[in-house]
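Student: Just to be clear, the model below is a prediction. Sequence and coordinates:
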Amino acid sequence: MMPDLKIIKPQSDPPHFYSFQQYTSRPNSFARLFDSCMEEYRRASDVDEIDGTIDHLGDALEPGTGINVAQALLRLAAAYAEKRRRTGTTVDQYASAVMLREASCAIPDDDAEKAVVLDLAATANMQLSVETDDLDDISLALQLLENILHVDSETELRATVLEYLGTFRHTLSKITHDNNILDEAIRNQKESLNLTPTSTRDWEWRCTLLVRASQTRFDTMREMEHLQTLIEHRELLLKNLPHDHPDKTTQEILYAGNCCERAIRTGDQATLERAIEISDSLLFRLPDDHPQRGFALFHQARAYAAMHDITWDMAFLDIAVREFSDGLRRIPKGTRGRQGWVQHASKVAQTLYIKNKESESLEMVSSVVEEELEYLPDNWEGRGETLRLLATVGFYRCERNREAAVLAEAIRRFEELLAQMPSDDPSREDEESRLAFLHVMEKCSQGEFVPSVKPDSELKLDADLEASVKEMKDCFGPIPGLLDSPALAYDFRYDMTGDEADLDQAIQLYNTSLSGTPEGSENKPRLLHSIGTCYFRKYMGRNALTDLTTAVRYLEQALDESPNDTNSLDYAHLDDAITTFQKSLQIAKLHGMAASGLLMNLAEAHDRRYELHGKDEDWKQQIQCLGDFLHEQSEEKDPRYRWKCFERLGQAYHEYLEKAVADSRQNTDRSSHADEELFEIYASLEDWPRAFRSASAMISHLLASARCAGLASGAAAVALRAGESPYTALRLLESGRGIMINSLLGLRSDVDELRRDHPEEAEQYLKLRNQVDSVRPGLSHPAAAWLPVHQPDYRHGAAQALEKAIQDIRTLSGFESFLEGPSEEDMKAAATEGPIIVINVSKYGCDAIIIKTDNLIRHSFSKVTMADIQREAVDATNMSSRVLEWLWDEIAKPVLDKLDSLTTCSEGGSWPHVRWVTTGPLSRLPLHAAGYHLSSRHLGRTVIDRVISSYSVSLTALVQSRKSIQDQIKLEREPAVYRKPESVVLIAMEELYNAPEEARQIANICRSMSISRPESSRQQVLEALKCCDIFHFAGHGTSNDEDPSESSLKLMYPDRLTVSNLFEINLHKRRPFLAYLSACSTGEVKQDDFIDEGLHLISAFQIAGFHHVIGTLWEVRDETCLRAAASVYKSMHVDGMSHGSVAEALHYATRQLRGEWVARDSESRGQLKYQNREGKIEEKTGETRKGRFVEEGPLFWVPYVHYGM
């Protein structure tokens, strides 16, 4: 059932039907007669006068045929029509329609004007049929329309008549459920459309009618050929609808739904991907508050659920549930089709819960379903599934929360479900079993469970338990599925009391149930698992190894009895078995027991779970267990057992990697994941050469992988340890981090140059690139974080053509490195203005690569680990000077000492300038502020007192920045032609106390320039960015925890300027000079997964085209922002606003703020506090030699950073 979306009819369509006579230029005396009579009768004073006219005309009417009779009937029809207009009665409308039909019959067939009277009669009878919805009236209208076709063949008239024939047959088919009539309606609509020029509004409407009839046929017959026809008709309509047509969005949503339906029916992955792309494109363009967004979300959710059925990737199922939930919340209750969608969403949510046992998916949908239940008719066929979802949610809530109200609500839901469930429903037994267990929990929860406090509580508990068991038997009788319910009761009571007797009773009852369970029953693995779990709990209570051995034996049997092709041992039981085996392994090692058997069992359990749900973590654990088994078994022990393990291990690798290769054509994420696994294995063995080869293969897939966080850093570290050159390591690093930033910077720069020098090649490249690229939203869309990027076959040809076009472009002079990463020479050239220091952080080691104009130097930090850096970067906002000192000792000083040419600036001399490129958690730490600032001998022991610091997201960004600036630097040496910054855009948010003053001071410093203060709406700011040289923002900035592309500058409520907004503008032709972001956290990325992408506001302004950006690493103080900005602009103004002045001005301002911070006396800084060796903070009035001083408040001078050359 398609959604009940509003389809807008062309404005030219009047509330009543068209009069066909407008399409013919032949004589129409009958029409003129009818119109003149209508005009005459409207002058009548009242209805009585019209009744008199009707009586008079009726008396004068003579039987027979001919022109005179027809004219008399027309006069009488006009009188009835006028009376109906005044009274609104259907009987008068009916009489008018009858008179018009009689008039058409009275005119000879060879009369040229017969078609005109048929026109009038058909129009009246169609209107009557709409009023009465009577089959006879509809049939008469159809007959009159057919008569018009027989007597007149004029094209325009015929197209209109066919339109109405199709419309009325479509209506008739819905009433009669006759598919033959519906097929005839579609044929009429097709013919009408073929006779209509596409340039007219009639074509749009008639194509819409054809699509609606095709949709009805598919909804009725559900056949694939009808769906394909429907899609073709809708594609035709969308192709010809104007972009601003009010019905465009509705039709796009319906088209996306049709494509999703086709993809689900075919089960073809490439078709599903295309359907998801169509929905992605649509959702990307729809505003978040669009009234039809919910429908689009629902269609895409269905496609994601189908993708899971093909790929077994849980991420698709998770997206489906989230989009179902979001979509249902947006669709008003009572909307046609919504009830079926609730049922579908419920099933998907339950599937997700069964697989991952996380309640969020159920809770997410259940809240919507709870609201929906009151709208569901009692006899609706989908009501059962809705009740089942709510009952299931209630059951799992009780597992976590056994409060009386929660239990009572769950029991009520199950009773309601069972009351409407047929007695022969195959799932009834499971639901009754769940209800029985809820009764057990309810009874036990009503007792007191502290025997030492209330001695009679045990008796109370026994009574409750016995009552529960009896109640189950009384309620449900001898149901096979409930044989183990009494055992569950004792099992549950053991949780409450810890009495081993209850556990023994549960084991006995489980065994009784097991003995009566036939071979091959699905219940047998579950019973074996329950017994094994009970024995393991006994072991945990009294530490008897015999209980542990028995537990393992039963769990082994549960695995053996569980067929590979069923869910007999479901995910939860496998979880329990794996947990038990893992704990048993630990215990066996503590007691010096052999663990080889347990390792094999654990490997088998992980293998079974991997086969069931396809989680790569289970494959890794299986490999780990088999490897541990080989270490456990010596060569002297049974070689056959050992070789069996080797065979299993080899088979596990082979199957996984074979699947990866097979999937790599459509799923590069899987292929890169296989490379990643081998990389991890070789690296853990310190087999650096093989790890490097795997890393190279892995990085080659990263551009198509959604899981690349940290991998490039690891690959670069491994390359260095494998003896590869620093440049090789840098290439790996650049290939796998800052992917979006590097891609946008490289693309905009290279393509702009290509357009300028070779416009035809640029046009061909962009055409092919658009064909290959998936139509997906940015990071702001929830699917983007989960959906693996595929390269299906239908895109393969375009990809090959694109690769050839790129190779051809690289043969052109000056474009030899088109879209390639920077070469070694490019990197060295970028170091002309000062060395570049790349610091790579990974779990395999931390290294610095120093790029100079003549060579690349590697330095390894032997004492620094990734864990050390992560610990120091946990709370950068509240950083202490201790962290800055640690940064100096462990990272900054060793690197700067490698640069012999760098010396502390002498009075009046120029400062050395370095550019930092950092990875991983080090990106959150301020290397420019590292050092001993509170020491009286701090000169030479801080970065800020030795060099000017700038930062860059990546080497690619730095190289591109240098290329764009070097021409400007040449112009600086020719003052006659160099254009200094001439215009400033100032945005100051009034709610910040110092922001207006900051803007005033900057305007005063830049008074020789053109000053603009646009309204702080997003649209106005984006427009202002296009024509400014300096953009200064003083206000609030926020870093988005979930999606860095949504980090933003807060503008006039409710507008924001986001990272993704800045990605959409291109200022590279103009190349603005400076963006100064005087706001919090403009350079912060909170999500670890995106830390190496460098997606923050600073980088976004660089991508937009700004040469320089000044921003902040974390929160900053309002007052400090004012002072920092004023100092920076004064220094830049003195230095003539040259490119070199920006970093130097910020360096000067930071040193000035640092000096003030250091100079604060004890009173202004607050009373110092002393931290003793035990960590206790004590108040002191002076310095002592023991312990250290702890500063109060943040280091307010630290967060300011410069990005650019």
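Tutor: Arrived safely, thanks for sending.
Student: for A296, what are its contacts?
Tutor: 253, 256, 279, 282-283, 286, 327 (Cβ atoms under 8 Å, 6 or more residues apart in numbering). Glycine gets a C-beta too; all of them are placed from N, C-alpha and C.
Student: run the last query once more with 7 Å
Tutor: A296 sits next to 253, 256, 279, 282-283, 286 when contact means Cβ atoms under 7 Å, 6 or more residues apart in numbering.
Student: Verify the stated contact: R1117 with V1198.
Tutor: No. Using Cβ atoms under 7 Å, R1117 is not in contact with V1198, being 11.4 Å away.
Student: can you pull the contacts of R158?
Tutor: Residues near R158 by Cβ under 7 Å, 6+ apart: 149, 195.
Student: ugh, typo on my part, it should be D875
Tutor: Residues near D875 by Cβ under 7 Å, 6+ apart: none.
Student: State the phi and psi torsions of the closest residue in space to Q420 that isn't next to it in sequence.
Tutor: Of all residues not flanking Q420 in the chain, G384 sits nearest, at 6.0 Å (Cβ to Cβ, 6 or more residues apart in numbering). Note on G384: its backbone torsions stand at phi -60, psi -40 [degrees, to the nearest 10].
Student: thinking again about what came up before, in helices, which of the contacts of A296 fall?
Tutor: Among the contacts of A296, DSSP state H puts 253, 256, 279, 282-283 in helices.
Student: can you pick the most crowded of these?
Tutor: S279 (29 neighbours; other Cβ atoms under 10 Å).
Student: can you count the residues close to the nearest residue to it once chain neighbours are set aside?
Tutor: Leaving aside its chain neighbours, S279 sits nearest to Q300 (3.7 Å; criterion: Cβ to Cβ, 6+ apart). Q300 is flanked by 26 other residues according to other Cβ under 10 Å.
Student: Can you give me every residue that contacts Q300?
Tutor: Counting by Cβ under 7 Å, 6+ apart, Q300 makes contact with 260, 276, 279, 283, 323.
Student: Quick check: it vs D326, distance?
Tutor: Q300 is 10 Å from D326, where distance means Cβ to Cβ, to the nearest Å.
Student: cool, and S949?
Tutor: In this view, S949 and D326 are 44 Å apart by Cβ to Cβ.
Student: So between those two, which is more surrounded?
Tutor: S949 (25 against 17).
Student: picking up where we left off before, next, work out how far apart the residue nearest to Q420 and Y494 are.
Tutor: Distance of G384 to Y494, given as Cβ to Cβ: 35 Å.
Student: Look at those two and report which has more neighbours.
Tutor: Shown here are G384 and Y494; by other Cβ under 10 Å, Y494 has more neighbours (21 against 16).
Student: May I ask which helix or strand encompasses the closest residue to that one other than its chain neighbours?
Tutor: Excluding the flanking residues, the one nearest Y494 by Cβ to Cβ, 6+ apart is D502, at 4.2 Å. According to DSSP states H and E, D502 maps onto helix 500-515.
Student: other SSEs contacting that helix?
Tutor: Counting contacts by 3 or more Cβ pairs under 7 Å, 6 or more residues apart in numbering; DSSP states H and E, helix 500-515 packs against helix 485-497, helix 523-542.
Student: ok, of the ones you listed, where does mean pLDDT dip lowest?
Tutor: Here the lowest mean pLDDT among those goes to helix 485-497, at a mean of 67.
Student: In terms of residue numbering, what are the domains of this structure?
Tutor: Recorded structural domains for the chain (assignment: automatic domain parsing) are 21-147, 153-241, 671-732, 826-951, 981-1166+1198-1203.
Student: Out of those domains, which gets nearest to D757?
Tutor: Closest to D757 of the domains of the chain is domain 981-1166+1198-1203 (Cβ to Cβ; 14.5 Å).
Student: how long is that closest one from one end to the other?
Tutor: For domain 981-1166+1198-1203, the first-to-last residue distance is 18 Å (Cα to Cα, to the nearest Å).
Student: Mean confidence (pLDDT) on it, please.
Tutor: Rounded mean pLDDT across domain 981-1166+1198-1203 is 85.
Student: And for stretch 262-270?
Tutor: Averaged across stretch 262-270, pLDDT comes to 78.
Student: and that stretch, which residues are buried?
Tutor: Of all the residues in stretch 262-270, those buried under the rule 16 or more other Cβ atoms under 10 Å are 262-264, 268-270.
Student: Could you spell out the sheet neighbours of the helix or strand hosting H859, each with its direction?
Tutor: According to DSSP H and E, H859 maps onto strand 856-860. With DSSP bridges as the test, strand 856-860 is paired with strand 845-851 (antiparallel).
Student: Please identify the buried residues of the strand it pairs with?
Tutor: By neighbour count on 16+ other Cβ under 10 Å, the buried set for strand 845-851 is 845-851.
Student: Give me the contact list for that strand.
Tutor: By Cβ under 7 Å, 6+ apart, strand 845-851 touches 717, 720-721, 726, 729-730, 827-828, 831, 835-840, 856-861, 864, 866, 895, 898-899.
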